[in-house]
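Q: coordinates only, sequence not included:
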């Protein structure tokens, strides 16, 4: 059954967890772009996809968050966008090849990393072109869905959403990063994002990264209250990062993410998973929580 067809059933899909922080435990140097490192070190990327699939994830994100021309120009790979995106999707598929059940591949698209005019130097046309190029590459790779994620600027996300929808027929989700105060860095409120992105044709709208489960649950609850019929996506960090002994540590354990998964299922969320600091252990606990038939939904 295709992902678009399953999406209509109201099922809550379990996505994967962190990419960057997990790859760092596998050798990715701090500060190096995972998309560039992947070319010389494909095995860890495939292994990570396999670990998440084995933990119960229904959806694996491609290692393409920064695989747009603007970001890749910084490491000399701006002319290899199609290659990077196709390679990442292929590695994700390899990692799920031995899983007996159906696992879907989501093409991840992140922001350009530059501020758009009038706040910065990035023109709308340049941003649009970067998103169009990456979305076309992911479409040609045959992803099951696209997730435009971790945006702070609603205008930039709307550009990305538009180009992704133009490039492919698969569902496109749109997700922003909110702070502890419930707004993005650019001041966008969850309700405003939900209304604008839904009107622009997003298959689902949500929040990821930046904060832990408690704060992100509040954002998702606001979205649900704004439109109870909206498809929602939620991928929190494993808490706020702490620097301990020179190492970045995420202290939120699997049991907290399991409770979060139950909350999101109660709200009818379409996709729930983890972002920075989450591991296969977190995903196993979330899988068990989603599958727990003894859980009574909140009335």
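A: Yep, it's here. Small disclaimer: the values here were computed from a predicted structure and weren't measured. Numbers count the residues shown, from 1 in each chain.
Q: is it fair to say residue 105 lies in a strand?
A: Yes - assessed by DSSP: H, G, I helix; E, B strand; the rest coil, residue 105 belongs to a strand.
Q: in which helix or strand would I find the residue sitting nearest the centre point of the chain?
A: Closest to where the C-alpha atoms of the chain average out (C-alpha atoms, centre = their mean) is residue 149, at 5.2 Å. For residue 149, the host element (DSSP states H and E) is strand 145-151.
Q: and what of residue 89?
A: Taking DSSP H and E as the criterion, residue 89 maps to helix 81-96.
Q: From the rest of the structure, what touches that helix?
A: Applying C-beta atoms under 8 Å, 6 or more residues apart in numbering, the external contacts of helix 81-96 come out as 35, 38-39, 42, 45-53, 60-64, 67-69, 72, 77, 103, 105, 107, 133-134, 136-138, 140-143. C-beta here means a position set from N, CA and C on the backbone, and glycine is covered the same way.
Q: swap in stretch 189-196?
A: By C-beta under 8 Å, 6+ apart, the list of residues contacting stretch 189-196 reads 154, 157-158, 174, 176, 178, 182-184, 205, 207, 219-220, 222-223, 226-227, 230.
Q: in it, what's buried?
A: 189-190, 193-196 (16 or more other C-beta atoms under 10 Å).
Q: what distance separates it from the middle of the whole chain?
A: Relative to the chain's own centre, stretch 189-196 is displaced by 18 Å; criterion: C-alpha atoms, centre = their mean, to the nearest Å.
Q: so for the helix holding residue 89, what's the average pLDDT?
A: Helix 81-96 shows a mean pLDDT of 98.
Q: swap in stretch 12-20?
A: 97.
Q: so what's residue 80 closest to, chain neighbours aside?
A: residue 72 (7.1 Å; C-beta to C-beta, 6 or more residues apart in numbering).
Q: quick revisit: so which of the contacts of helix 81-96 belong to strands?
A: Among the contacts of helix 81-96, the members found in strands (DSSP state E) are 60-61, 105, 107.
Q: any idea which of those residues is closest to residue 248?
A: residue 61 (20.3 Å; C-beta to C-beta).
Q: Surely that closest one touches residue 103?
A: No - counting by C-beta atoms under 8 Å, residue 61 stays clear of residue 103, with 11.6 Å between them.
Q: where along the stretch 1-150 of the chain do the helices fall?
A: 3-7, 20-24, 34-40, 42-55, 69-72, 81-96, 124-140 (DSSP state H, counting those that start in this stretch).
Q: tell me the angle the longest one makes with helix 81-96.
A: This means helix 124-140. Inter-element angle recorded for helix 124-140 and helix 81-96: 40 degrees (by axes from the mean of the first three to the mean of the last three C-alpha atoms, to 10 degrees).
Q: Return the set of buried residues in helix 124-140.
A: Result for helix 124-140 [16+ other C-beta under 10 Å]: buried residues 126-127, 129-139.
Q: could those residues be laid out in TSV, adding pLDDT?
A: Shown next, in TSV, are those (pLDDT from 0 to 100):
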residue	pLDDT
126	97
127	98
129	98
130	98
131	98
132	98
133	98
134	98
135	98
136	98
137	98
138	98
139	98
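Q: wait, doesn't residue 197 sit right on residue 155?
A: No - applying C-beta under 8 Å, one finds residue 197 not in contact with residue 155, separated by 11.5 Å.
Q: With neighbour numbers in mind, choose between these two.
A: Neighbour totals were compared for residue 197 and residue 155, and residue 197 leads with 27 against 16 (other C-beta atoms under 10 Å).
Q: Next one: the more buried one from residue 164, what distance?
A: The gap separating residue 197 from residue 164 is 12 Å, by C-beta to C-beta, to the nearest Å.
Q: Could you name every residue contacting both of those two?
A: What both residue 197 and residue 164 touch, as defined by C-beta under 8 Å, 6+ apart, is an empty set.
Q: what residue ranges in the protein score low on pLDDT?
A: Under the criterion pLDDT under 70, the flagged ranges of the chain are 294-299.
Q: quick revisit: separate out the buried members of the contacts of stretch 189-196.
A: For these, buried by 16+ other C-beta under 10 Å: 154, 157-158, 174, 176, 178, 182-184, 205, 207, 219-220, 222-223, 226, 230.
Q: Let's see which of these end up in helices.
A: Taking DSSP state H, the ones among the buried ones among the contacts of stretch 189-196 that sit in helices are 154, 157-158, 219-220, 222-223, 226.
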